[in-house]
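Peer 1: Quick one, structure for this:
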Amino acid sequence: MNIVLWVLQGLLAGMFLMTGTIKVIKKKDAIKDQMGFVEDFTQQQINGIGILEILGALGVILPWATGILPWLTPLAAVGLALTMTGAFLTHARRKELIPMGIPNIVLF
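Peer 2: The predicted structure follows:
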């Protein structure tokens, strides 16, 4: 069971690390074709979301793996769950049914 948990955590962290990095590195105009929701946010807000995703990805893996402040791992998971709740609400407000399902799947 422990191996399955680590694999799932690794996949989750990799996904958030990848999408967070894209949001931080690329400009709003460059990602609006893949991520339509960015039209509703400023570049600074998009960067903030990306930074939260990167920190959450690192927080889900590093504290528990290193044994340094392992209580941060569940807090990072809660932070990512809140991020996905915000993503779900954003897609619901924009009436984007398909993208709305992705945060829902990751959240649950």
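Peer 1: pLDDT weak spots in this protein?
Peer 2: Within the chain, the set of residues satisfying pLDDT under 70 comprises 1, 98-108.
Peer 1: quick one: residue 50 from residue 5, how far?
Peer 2: 26 Å (Cβ to Cβ, to the nearest Å). Glycine gets a C-beta too; all of them are placed from N, C-alpha and C.
Peer 1: Other residues contacting stretch 32-41?
Peer 2: Contacts with stretch 32-41, where a contact means Cβ atoms under 8 Å, 6 or more residues apart in numbering, come from 23, 28, 31, 46, 49, 87, 90-91, 94, 96, 99.
Peer 1: on that earlier part again, so for residue 50 and residue 5, which residue has more residues nearby?
Peer 2: Higher neighbour count among residue 50 and residue 5: residue 50, with 20 against 10, using other Cβ atoms under 10 Å.
Peer 1: Show me where this structure has its helices.
Peer 2: For the chain, the helices defined by DSSP state H cover 2-25, 28-31, 43-66, 72-93, 97-107.
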